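Asker: make a model of this:
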Amino acid sequence: MDFSLDALRRWPDVEAPDLVAVDAADRLILDESAVARADAGRGATTVIGDAYGALALGSAADGPHDPGRIRVHQDALTGERALAANAARVGLDDTTVSLPLSADLVRDARVVLMRLPRSLDALRDIAGLIAAHAADDVRVFAGGRIKHMSLAMNGVLTERFARVDVSHARQKSRVLIASEPHDGADPRPRCREHDGLVVCAFGGAFAGAAIDIGTRFLLAHLPADIPGDGLAVDLACGTGVVAAALALRHPSLAVHASDQSAAAVASARATAEANGVADRVRVVRDDALESVPDGAASFIALNPPFHTGAAVHEGLAAHLFADAARALRPGGELWTVWNSHLRYRSDLERIVGPTRQIARNAKFTVTASVRG
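Answerer: Below is the predicted model:
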């Protein structure tokens, strides 16, 4: 079919002239895997870590294929939605199916295309899953930009594959080709205790089983009283540290936690379970607070991300501020921790409402914004 990768967009993720939907690493992975994919067919092909659908749709368009669908896992919900939107735009509906990072994703797969994650723990989880459930003759084409790759990635792959080959570099990209799987294992969360709070994390979750310093600063300054007559929310919850802490500090409180990352959501659920508060912490994979009705929340805590992939973009925080404002009831409060150099206070005043400083140190600021 007449298909061009250049037709793909990032939407509904942030779009800007310097942010791309397809890069040289995607193109190299597709080229290196072309023969293997033609032999395997759609039904035996899996794609992992595809940012906006380049690998999945590039594979789907590169026929002939069997009538099966390419199985895809993307950590970010915006990635899933971009894949669906791009598929509809280029006429490749029903050629892919999105699945969790689970056995069904890779079961009997003969070809796996993958963008290398930055986290070695994430790569370790994925490699173990493939080795446990894919076909014995599976070939994994794992690529990325050379500046984001390390020799340690080769080492992680050799823990689960007897052979790891390396492609020639092209346009500052490279592909690792793993085969002959052995000693597979399903992903399990890594857990650590911090002053009575257990933090659990699957590979790829921000900060892992540690507590990042911004979240620590927010935890130290959360209010002693949380209204019990409205929803309490941990927005962009990561591993669920704030949600679990709120539930532990306030035994009658029910907490809603959301994140668009599948790894974060799985980690937050494991954190709630490890702290004995899973019955009072509801964790959902969501774009901001899409599943929360207008005016339903009385309190929201937020440690906003400011990276989209490798790029810094201020639009991420503004999107979260706007949806927090929508979800808050009048008089409800958004408590935010942010890197002080980002100067979010004027944005919070404009988008949410009157904002006061709660605490500040050399690096971080905590503010409370009241919804008018």
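
Asker: domains in the protein, by residue range?
Answerer: Following automatic domain parsing, one gets these domains for the chain: 5-181, 190-370.

Asker: dump those to TSV, plus mean pLDDT.
Answerer: Below are the domains of the chain laid out as TSV (pLDDT from 0 to 100):
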stretch	mean pLDDT
domain 5-181	96
domain 190-370	94
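
Asker: could I get those as TSV with mean neighbour count?
Answerer: All C-beta atoms are positioned from the backbone trio N, CA, C, and that covers glycine. Below are the domains of the chain laid out as TSV (neighbours: other Cβ atoms under 10 Å):
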stretch	mean neighbour count
domain 5-181	19
domain 190-370	19
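
Asker: ok, Arg89 - contacts?
Answerer: If a contact means Cβ atoms under 8 Å, 6 or more residues apart in numbering, then Arg89 has 7, 9 as its contacts.

Asker: SS state for it?
Answerer: Secondary structure, DSSP: H, G, I helix; E, B strand; the rest coil: Arg89 is helix.

Asker: and it, how far from Phe321?
Answerer: Separation of Arg89 from Phe321 (Cβ to Cβ, to the nearest Å) stands at 30 Å.

Asker: Leu302 now?
Answerer: 8 Å.

Asker: overlap of the contact sets of the two?
Answerer: By Cβ under 8 Å, 6+ apart, Leu302 and Phe321 have these common neighbours: 334, 336.

Asker: where do the strands of the stretch 251-372 of the chain begin and end?
Answerer: For the stretch 251-372 of the chain, the strands defined by DSSP state E, counting those that start in this stretch cover 255-259, 281-285, 297-302, 307-308, 311-312, 328-339, 355-360, 364-370.

Asker: which one of those strands lies closest to Pro117?
Answerer: strand 307-308 (13.9 Å; Cβ to Cβ).

Asker: for this protein, which helix is longest?
Answerer: The residue-count maximum for a helix in the chain (DSSP state H) belongs to helix 24-40.

Asker: excluding sequence neighbours, find me the nearest residue to Val233.
Answerer: Among residues not flanking Val233 along the chain, Ile300 sits closest, at 4.3 Å (Cβ to Cβ, 6 or more residues apart in numbering).

Asker: with Gly144 instead?
Answerer: Take Gly144 and drop its neighbours on the chain: the residue closest to it by Cβ to Cβ, 6+ apart is Leu116, 3.9 Å away.

Asker: return the distance of the one you found relative to Gln171.
Answerer: When Leu116 is compared with Gln171 (using Cβ to Cβ), they lie 16 Å apart.

Asker: now stretch 331-346: how far from the chain's centre is it?
Answerer: Distance of stretch 331-346 from the chain centroid (Cα atoms, centre = their mean, to the nearest Å) equals 23 Å.

Asker: tabulate the strands of the stretch 251-372 of the chain (CSV), appending distance to Arg9.
Answerer: Formatted as CSV, the strands of the stretch 251-372 of the chain follow (distance: least, Cβ to Cβ, whole Å):
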stretch, distance to Arg9
strand 255-259, 23
strand 281-285, 22
strand 297-302, 27
strand 307-308, 14
strand 311-312, 16
strand 328-339, 29
strand 355-360, 34
strand 364-370, 32
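
Asker: between these, which one is closest to Leu57.
Answerer: Closest to Leu57 of the strands of the stretch 251-372 of the chain is strand 307-308 (Cβ to Cβ; 20.2 Å).

Asker: since that was my last question, I'll sign off now.
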